[in-house]
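Participant: structure for the following, please:
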Amino acid sequence: MKQWLPTSKKEVQASGWDELDVILFTGDAYVDHPSFGAAVIGRVLEAQGYRVAIIPQPNWQDDLRDFKKLGVPRLFFGITSGAMDSMVNHYTANKRLRSDDAYTAGDMAGFRPDHAVTVYSRIVKSLFPDVPVVIGGIEASLRRLTHYDYWENTLKPSILIDSCADLLVYGMGEHAIRLIARALSDGKTINELENIPQTAFLRPSIVASNHNGMKDLRLHSYQDCVTSKQKFAENFCNIERESNQLNACRLIEEADEKYVIVNPPVYHLDEKDADEPYDLPYTRLPHPRYQGKMIPAFEMIKFSVNIHRGCFGRCSFCAISVHQGKFIISRSERSILDEVKTVTEMPDFKGNLSDLGGPSANMYGMRGINFSLCGGCSRFSCVFPKLCRNLNSSHARLLSLYAKVRNIEGIKNVFIGSGIRYDLFLDANGFRSDEHARYFRELIMHHVSGRLKVAPEHCAPHVLKVMRKPDFSFFIRLQMEFNRINGKEQRYQLVPYFMSNHPGCTFTDMHQLSATVKSMRIKCVEQIQDFMPTPMTLSSVMYYCGFDPYSGRKIYVSQDVGERRRQKNLIVC
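Facilitator: Residues are numbered from 1 along each chain as shown. Down below sits the predicted model:
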């Protein structure tokens, strides 16, 4: 019988362990499922033979017993805020405190602090100053260098400075965490781990790299960024460019008389690497400690399967490609089909797979036709401003996967709940090929539960350009093709998502969007997102600076709370 990783001293003793190698703290409830990062890291380390425990949502306001109850690990403490940034989790776009938390049992708010990674890390360092602390997850990842903090309305230095952590893992961290654990287990100190890919650390002086041929890129210091928005903008352009490179530079940024050093990411991963985290023995359930209380985030993904990582869309406002990377890392059919079969064996599964998708559901298997050319390409997006000629946008592999999943015993319906990139299979003039037309028809006829979600975001050309989204004529064509396939019965609904208050968007632009939505007879109830600047995205830089960091062109930014509310209310029906 599959068992959860231990979360208490009693469970550690039941495992027969007298010592732990790694203790993980997470701001989420513990759900042993591959969609929850702490569970993935725990299982990856367990598969390497390490003894791992997870302490979910430790109490940071009492005598700190949760941080002390399992003692000191042999190798390191690992810390994450959870699957969401704690500030996004806590506050609305208008900085109002949320009353719920989808990653907590009972949907209850208040079980994690603001800036959770920093709070947890400081506590652990104060209690156990000599034990290495490794931070990771999206909150740490997007704050690895100087960043704009919307909630405090200020530039903040790398989270390494505020958190006092020893090492930061950014992006999807399975590869890096294995290397860290192995090095520490071999007797190296945490300060000797200066060449592990996809990590960042703080030093009093610049250290040499032992990677032959790797170049260093010096960024403007944190102090320079605070005094000059132009320098902060230049930093962003350099960071984004390097994050798109297969052979990126090491980034170095001075802050508070120390140096933040960020090693390049790992991009040379294959299907075997992609499969490994998903093939581990998860229970796929919340820990019994929650006594059956509903965890909304788990209920949403309970019967879903992720088929790839990464996104080459690079929308200005989205943190997915900033965190997961531009290059698509797809799982093998074997691994995906095995996971689907595991889902069908769950006792309350009724035959409906809720999602077979990813960051963008239809990027599975896509990469450069001549991948060697991608090594010298610095484009931030493979689809904007137009589809890259070297991109293989074939949906054949995805169609084959859909068919095989539909034929698995116990499967009644396979729904695609993730959003799709419709500019991959059509443009303003129609489908790019017969195969692309087949994909869209099959998607509607076999994989729509009733609503197909897409994200045109806006209709004004200048706003879409700032967002790095395709022209609205693409969506008009999509709606036409959708209605044609849907036929007179109109069994399915096209659900577009729009955004208010994005940089470049004025009240007049939102009025135009509202009129366009009404003229197209789009039923819009809750499909409006109010822009929230998240760290390290292009949109957050534009919001803070008031100009495009690439062109220097001034951009309108709505920061007044009243105006933000009026923009959003224009399109709420």
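Participant: any weak-confidence spans in the stretch 1-150 of the chain?
Facilitator: 1 (pLDDT under 70).
Participant: ranges for the helices of it?
Facilitator: For the stretch 1-150 of the chain, the helices identified by DSSP state H, counting those that start in this stretch occupy 9-14, 37-47, 65-68, 86-90, 116-127, 138-141, in order along the chain.
Participant: contacts for the second one next, please.
Facilitator: By C-beta atoms under 8 Å, 6 or more residues apart in numbering, the surrounding residues in contact with helix 37-47 are 5, 21-22, 24, 26, 28, 30-34, 52, 54, 56, 78, 80, 82-83, 136-137, 173-174, 177-178, 181, 276-277, 280-282. C-betas here are computed from N, CA, C, even on glycine.
Participant: ok, the fourth one next?
Facilitator: Judged by C-beta under 8 Å, 6+ apart, the contacts made with helix 86-90 from elsewhere in the structure are 27, 81-82, 97-98, 101, 103, 109, 112-117, 139, 149-151, 532, 534.
Participant: out of the residues you listed, list just those in strands.
Facilitator: residue 149 (DSSP state E).
Participant: so how do I select the buried members of the contacts of helix 86-90 in ChimeraX?
Facilitator: Buried residues among those (16 or more other C-beta atoms under 10 Å), as a ChimeraX selection:
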select :27,81,82,101,103,112,113,115,116,117,139,149,150,532,534
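Participant: ok, residue 403 - how many residues close by?
Facilitator: Number of residues near residue 403 (other C-beta atoms under 10 Å) recorded here: 12.
Participant: mind checking which helix or strand it is in?
Facilitator: Using DSSP states H and E, residue 403 sits within helix 396-406.
Participant: what is the mean pLDDT for that helix?
Facilitator: What helix 396-406 shows for mean pLDDT is 97.
Participant: run the chain-centre distance for that helix.
Facilitator: Put simply, helix 396-406 sits 25 Å off its chain's centre (C-alpha atoms, centre = their mean, to the nearest Å).
Participant: how about stretch 368-379?
Facilitator: The answer for stretch 368-379 is 23 Å, by C-alpha atoms, centre = their mean.
Participant: in that stretch, what's buried?
Facilitator: Using 16+ other C-beta under 10 Å as the test for burial, stretch 368-379 gives 368, 374, 379.
Participant: ok, now stretch 92-107?
Facilitator: By 16+ other C-beta under 10 Å, the buried positions in stretch 92-107 come out as 93, 101-105, 107.
Participant: low pLDDT regions in the chain?
Facilitator: Along the chain, segments meeting pLDDT under 70 span 1, 211-212, 267-268, 488-489, 523-526, 572-573.
Participant: the domain parsing of it - what is it?
Facilitator: Following automatic domain parsing, one finds the domains of the chain at 9-197, 450-573.
Participant: pick the most buried one from those domains.
Facilitator: Highest mean neighbour count of the domains of the chain: domain 9-197, a mean of 20 (counted as mean count of other C-beta atoms under 10 Å).
Participant: measure that one end to end?
Facilitator: 34 Å (C-alpha to C-alpha, to the nearest Å).
Participant: now do the strands in the stretch 401-550 of the chain.
Facilitator: Taking DSSP state E, counting those that start in this stretch, the strands of the stretch 401-550 of the chain run over residues 413-414, 426-427, 430-431, 451-457, 493-500, 528-530.
Participant: what's next to the first one, contact-wise?
Facilitator: Residues from elsewhere that reach strand 413-414 (C-beta under 8 Å, 6+ apart): 351-353, 356, 402, 405-406, 446-447, 449.
Participant: next one: the fifth one
Facilitator: With C-beta under 8 Å, 6+ apart as the test, strand 493-500 has contacts from 317, 419, 450-458, 467, 475, 478-479, 482, 505, 510, 513, 517, 522-524, 527-531, 564, 567-568, 570-571.
Participant: ok, that strand: who's next to it in the sheet?
Facilitator: In the sheet, strand 493-500 lines up against strand 451-457 (parallel), strand 528-530 (parallel) (DSSP bridges).
Participant: next one: stretch 321-338 to chain centre, how far?
Facilitator: 13 Å.
Participant: quick one on the thing from earlier: then the helix holding residue 403 to CSV, C-alphas only?
Facilitator: Provided in CSV are the C-alpha atoms of helix 396-406 (Å, rounded to 0.1, in the frame of the first residue of the first chain):
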residue,chain,number,x,y,z
ALA,A,396,-0.6,15.1,-34.9
ARG,A,397,1.2,13.7,-31.8
LEU,A,398,-1.5,15.3,-29.6
LEU,A,399,-4.3,13.9,-31.7
SER,A,400,-2.8,10.4,-31.4
LEU,A,401,-2.5,10.8,-27.6
TYR,A,402,-6.1,11.9,-27.3
ALA,A,403,-7.3,8.8,-29.2
LYS,A,404,-5.2,6.5,-27.1
VAL,A,405,-6.5,8.0,-23.8
ARG,A,406,-10.1,7.8,-25.0
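Participant: helices or strands up against it?
Facilitator: With contacts taken as 3 or more C-beta pairs under 8 Å, 6 or more residues apart in numbering; DSSP states H and E, helix 396-406 sits against helix 333-344, strand 355-357, strand 413-414, helix 434-447.
Participant: could you rerun that using 10 Å?
Facilitator: With contacts taken as 3 or more C-beta pairs under 10 Å, 6 or more residues apart in numbering; DSSP states H and E, helix 396-406 sits against strand 329-330, helix 333-344, strand 355-357, strand 413-414, helix 434-447.
Participant: how about these, which one is nearest residue 16?
Facilitator: Checking the helices and strands packed on helix 396-406 against residue 16 by C-beta to C-beta gives helix 333-344 as the closest, at 26.9 Å.
Participant: and whichever helix or strand comes after that closest one, what does it pack against?
Facilitator: Later in the chain than helix 333-344, the nearest helix or strand by DSSP H and E is strand 352-353. Under the contact criterion of 3+ C-beta pairs under 10 Å, 6+ apart, strand 352-353 touches helix 333-344, strand 413-414.
Participant: residues contacting the closest residue to residue 512 other than its chain neighbours?
Facilitator: Distances taken as C-beta to C-beta, 6 or more residues apart in numbering place residue 460 nearest to residue 512, at 5.9 Å, with adjacent residues excluded. By C-beta atoms under 10 Å, 6 or more residues apart in numbering, the contact set of residue 460 is 466-467, 472, 504-506, 508-510, 512-513, 516.
Participant: chain center to stretch 345-359: distance?
Facilitator: Remark: stretch 345-359 is offset 21 Å from the chain centroid, using C-alpha atoms, centre = their mean.
Participant: export only the CA atoms of it, formatted as CSV.
Facilitator: Taking Å, rounded to 0.1, in the frame of the first residue of the first chain, the C-alpha atoms of stretch 345-359 are listed here in CSV:
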residue,chain,number,x,y,z
GLU,A,345,-8.3,2.9,-10.5
MET,A,346,-9.2,5.6,-7.9
PRO,A,347,-12.3,4.5,-6.0
ASP,A,348,-14.4,7.6,-6.7
PHE,A,349,-13.5,8.0,-10.4
LYS,A,350,-16.6,8.0,-12.5
GLY,A,351,-15.0,7.9,-16.0
ASN,A,352,-14.5,11.6,-16.6
LEU,A,353,-10.9,12.9,-16.9
SER,A,354,-11.2,16.6,-16.1
ASP,A,355,-8.1,17.7,-18.0
LEU,A,356,-5.4,16.4,-20.2
GLY,A,357,-3.3,19.5,-20.6
GLY,A,358,-0.5,21.8,-19.5
PRO,A,359,0.4,25.5,-19.3
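Participant: can you give the distance from stretch 502-513 to the centre of its chain?
Facilitator: With C-alpha atoms, centre = their mean, you get 27 Å for stretch 502-513.
Participant: and if you look at stretch 236-254?
Facilitator: Centroid separation for stretch 236-254 versus its chain: 19 Å, with C-alpha atoms, centre = their mean.
Participant: buried residues, that stretch. List them.
Facilitator: Under the neighbour-count criterion of 16+ other C-beta under 10 Å, stretch 236-254 has 236, 238-240, 242-246, 248-254 buried.
Participant: out of these, name the ones that lie in helices.
Facilitator: Among the buried residues of stretch 236-254, the members falling in helices (DSSP state H) are 236, 238-240, 242-243.
Participant: count of neighbours near residue 230?
Facilitator: Applying other C-beta under 10 Å, we find 15 residues neighbouring residue 230.
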